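# my questions concern the predicted model and sequence given below.
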Amino acid sequence: MTSRLEPFSFARRIPSTPSIGSSTVTKPDHIHLSFGFAAPHLFPIEQLSASAADAVTQHGRKALQYSGAPGPGKILQWIQERSLVHGIRADLNQILVTYGSTQGIDLATRILVDPGDHVWVESPSFFSALQSFRAAEAVVTSFPIDEDGVRVDLIENALVEAKRDGRPIPKLLYTMPTYHNPGGVTLSIERRKRLVQLAEAYNFFILEDDAYSELNFTGNQYPPLYTLFPERVIYLNTFSKIIGPGLRLGWVIADQQVIQKVRLLNLGGSIGVFTQEILAQLIDNFAFQNHVDALSAHYRKQRDVMAEALREHFGEHVSFHLPEGGFYIWLRFADHVNTSEWVQDAASRGVSFVEGKSFFADPEGYHYARLCFSYVSEEQIVRGVKLLADSYFSYIGREAVRSS
């Protein structure tokens with residue numbers, strides 16, 4: 001039977017979401033250097049299993065109701081206490097649990113940004129954040145990063161010029177200052193201080209995405225932007241990188257007025273209360289710092305293996321910053337290289353990566369690529385980088401023939 005339905009016009013504000021980094025490849029031997037996933041063998045499976053059983057037997061009848069049992073309250077207290085390690089002091093009414101930090105990005109955007117408002121971002125930036133800003137119909141302006149993080153001097157120049165010329169000041173500036181995704185860089189302390197001074201002087205909010213800060217490879221400490229100016233910083237973090245992404249739990253810390261407005265959008269009531277109950281049971285009997293130290297040691301070794309493989313197989317054809325933490329190495333090729341033109345060839349050889357253009361608000365970044373060292377084994381990293389290099393050198397060989 002032939003359908004007589006006419007094409008339907010969906011909301012224009014819904015952004016297109018193309019496949020990222022050959023993410024649809026499902027072959028069992030494929031090497032996913034594109035996936036920003038935690039290492040599955042480091043999930044505390046046995047402890048979570050016991051915690052889930054305890055949640056059911058001790059609090060199951062309450063935990064399965066809308067409001068939950070004691071777990072959500074314990075999680076708030078844990079977040080409050082753990083935040084002190086990073087210098088963040090917040091009352092419980094300034095903390096809100098979310099479905100991962102990505103929901104925090106969406107909620108913050110929805111309470112701050114009307115269609116046509118300006119949002120400023122780093123270049124490159126997290127692609128899901130860019131999608132959220134586009135869905136909000138914001139005007140997105142980007143500023144480049146270097147080895148010390150986003151170029152705050154360029155942000156300052158743009159603010160001065162906008163005020164002088166009567167053009168809009170941003171409502172929101174989104175940043176990942178510590179172990180940036182995808183850039184791997186960390187914003188210097190001097191730039192942090194200047195950025196919050198600009199937020200105060202020009203009265204805009206900073207959305208601080210701090211998803212990777214626990215995964216510290218060097219011991220160097222950087223103050224969250226929130227500690228420098230809590231009145232105009234909305235702080236985001238997540239359990240995804242430190243316990244398991246399938247929990248889908250993160251949190252927002254912000255001024256109480258901000259949290260109150262975010263709650264108005266939380267139409268479903270409390271977030272994952274049974275999952276919070278399980279997590280609360282876990283952290284009651286869990287050596288969390290030992291766990292984080294083990295994660296950091298493992299990922300640091302993974303980073304070093306990937307960096308060595310890149311130097312061996314690519315030589316001077318690629319440059320990168322060695323990250324102090326997190327999951328990613330951000331590759332820069334020669335300006336004429338277009339990573340989008342060989343991402344599928346790499347996938348056909350058995351390795352995926354994310355081409356650079358996916359992380360930019362404007363059509364640029366074609367000579368960059370993001371690799372993730374957290375998800376796969378050391379052997380897969382070495383083999384994957386070799387396959388990646390094979391694809392790259394095949395690409396530049398074809399380009400040389402084409403231009404001759």
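Alright, I've got the coordinates. Since this is a predicted model, take the numbers as computed values, not measurements. Numbers count the residues shown, from 1 in each chain.

# where along the chain do the helices fall?
For the chain, helices defined by DSSP state H occupy the ranges 45-63, 71-85, 100-112, 127-135, 152-165, 189-202, 225-228, 256-265, 273-284, 288-314, 343-349, 378-403.

# now those in JSON lines, with mean neighbour count, mean pLDDT and distance to V119?
Backbone N, C-alpha and C define where each C-beta goes, glycine included. Output for the helices of the chain, formatted as JSON lines (neighbours: other CB atoms under 10 Å; pLDDT from 0 to 100; distance: least, CB to CB, whole Å):
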{"stretch": "helix 45-63", "mean neighbour count": "16", "mean pLDDT": "93", "distance to V119": "37"}
{"stretch": "helix 71-85", "mean neighbour count": "17", "mean pLDDT": "97", "distance to V119": "26"}
{"stretch": "helix 100-112", "mean neighbour count": "22", "mean pLDDT": "95", "distance to V119": "8"}
{"stretch": "helix 127-135", "mean neighbour count": "21", "mean pLDDT": "94", "distance to V119": "5"}
{"stretch": "helix 152-165", "mean neighbour count": "14", "mean pLDDT": "98", "distance to V119": "13"}
{"stretch": "helix 189-202", "mean neighbour count": "17", "mean pLDDT": "98", "distance to V119": "14"}
{"stretch": "helix 225-228", "mean neighbour count": "22", "mean pLDDT": "98", "distance to V119": "16"}
{"stretch": "helix 256-265", "mean neighbour count": "15", "mean pLDDT": "93", "distance to V119": "16"}
{"stretch": "helix 273-284", "mean neighbour count": "22", "mean pLDDT": "94", "distance to V119": "31"}
{"stretch": "helix 288-314", "mean neighbour count": "17", "mean pLDDT": "98", "distance to V119": "31"}
{"stretch": "helix 343-349", "mean neighbour count": "19", "mean pLDDT": "96", "distance to V119": "28"}
{"stretch": "helix 378-403", "mean neighbour count": "17", "mean pLDDT": "94", "distance to V119": "33"}
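
# which one, of these, ends up nearest to F360?
Checking these against F360 by CB to CB gives helix 127-135 as the closest, at 8.0 Å.

# tell me, how many neighbours does the spatially closest residue to A199 that is not a sequence neighbour end up with?
Distance criterion CB to CB, 6 or more residues apart in numbering; nearest residue to A199, sequence neighbours excluded, is R232 at 4.7 Å. Residues contacting R232 under the criterion other CB atoms under 10 Å number 20.

# also the one 3 residues further on?
As a burial measure, the neighbour count of Y235 was computed by other CB under 10 Å and equals 26.

# that one: what's it in contact with?
88, 208, 210, 224-226, 252-254 (CB atoms under 8 Å, 6 or more residues apart in numbering).

# how near is K357 to S394?
K357 is 20 Å from S394, where distance means CB to CB, to the nearest Å.

# again but with R61, I slipped
The spacing between R61 and S394, counted by CB to CB, is 61 Å.

# re earlier: so which of the contacts of Y235 sit within strands?
With DSSP state E as the criterion, strands contain 208, 252-253 from among the contacts of Y235.

# filter those down to the buried ones, PyMOL style.
Buried residues within the ones in strands among the contacts of Y235, by 16 or more other CB atoms under 10 Å, are selected in PyMOL with:
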select buried, resi 208+252+253
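
# nearest to P72, of the ones in strands among the contacts of Y235?
V252 (14.4 Å).

# wait, isn't that closest one in contact with R263?
No. In this structure, V252 is not within contact of R263 by CB atoms under 8 Å, at 10.3 Å.

# give me the common contacts of those two.
With CB under 8 Å, 6+ apart, V252 and R263 have common neighbours L96.

# re the thing from before, who's in contact with the residue nearest to A199?
R232 touches 196, 199-200, 203-206, counting by CB under 8 Å, 6+ apart.

# hmm, back to that, which among the helices of the chain is found nearest to E6?
helix 127-135 (25.0 Å).

# quick one: the closest one to helix 100-112, angle?
20 degrees (axes from the mean of the first three to the mean of the last three CA atoms, to 10 degrees).

# which strands and helices lie in contact with helix 127-135?
The elements that helix 127-135 packs onto, with contact taken as 3 or more CB pairs under 8 Å, 6 or more residues apart in numbering; DSSP states H and E, are helix 100-112, strand 118-123, strand 139-146.

# let's have these in CSV, adding distance to F320.
Shown next, in CSV, are the helices and strands packed on helix 127-135 (distance: least, CB to CB, whole Å):
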stretch, distance to F320
helix 100-112, 25
strand 118-123, 17
strand 139-146, 13
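
# among those, which is nearest A389?
strand 139-146 (25.2 Å).

# now the closest one - C-alpha only, PDB.
Output in PDB follows, covering the C-alpha atoms of strand 139-146 (Å, rounded to 0.1, in the frame of the first residue of the first chain):
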ATOM      1  CA  VAL A 139      24.400  33.200  17.300                       C
ATOM      2  CA  VAL A 140      27.600  31.200  18.000                       C
ATOM      3  CA  THR A 141      31.000  32.900  17.800                       C
ATOM      4  CA  SER A 142      34.200  30.900  18.400                       C
ATOM      5  CA  PHE A 143      37.700  31.800  19.600                       C
ATOM      6  CA  PRO A 144      40.800  29.700  19.000                       C
ATOM      7  CA  ILE A 145      42.800  27.700  21.600                       C
ATOM      8  CA  ASP A 146      46.500  27.300  22.000                       C
END
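
# so what are the sheet partners of that strand and their directions?
If you go by DSSP bridges, strand 139-146 pairs up with strand 118-123 (parallel), strand 149-150 (antiparallel).

# what's the end-to-end length of stretch 328-338?
20 Å (CA to CA, to the nearest Å).

# for that stretch, buried residues please.
For stretch 328-338, a neighbour-count test (16+ other CB under 10 Å) marks 328-331, 333, 337-338 as buried.

# give me the number of residues near the nearest residue to F35 once chain neighbours are set aside?
Leaving aside its chain neighbours, F35 sits nearest to Y375 (4.8 Å; criterion: CB to CB, 6+ apart). Using other CB under 10 Å, Y375 is surrounded by 19 other residues.

# per the record, what domains does the chain have?
31-44+289-403, 46-284 (automatic domain parsing).

# which one of these lies nearest to S9?
Using CB to CB, the nearest of these to S9 is domain 46-284, at 16.2 Å.
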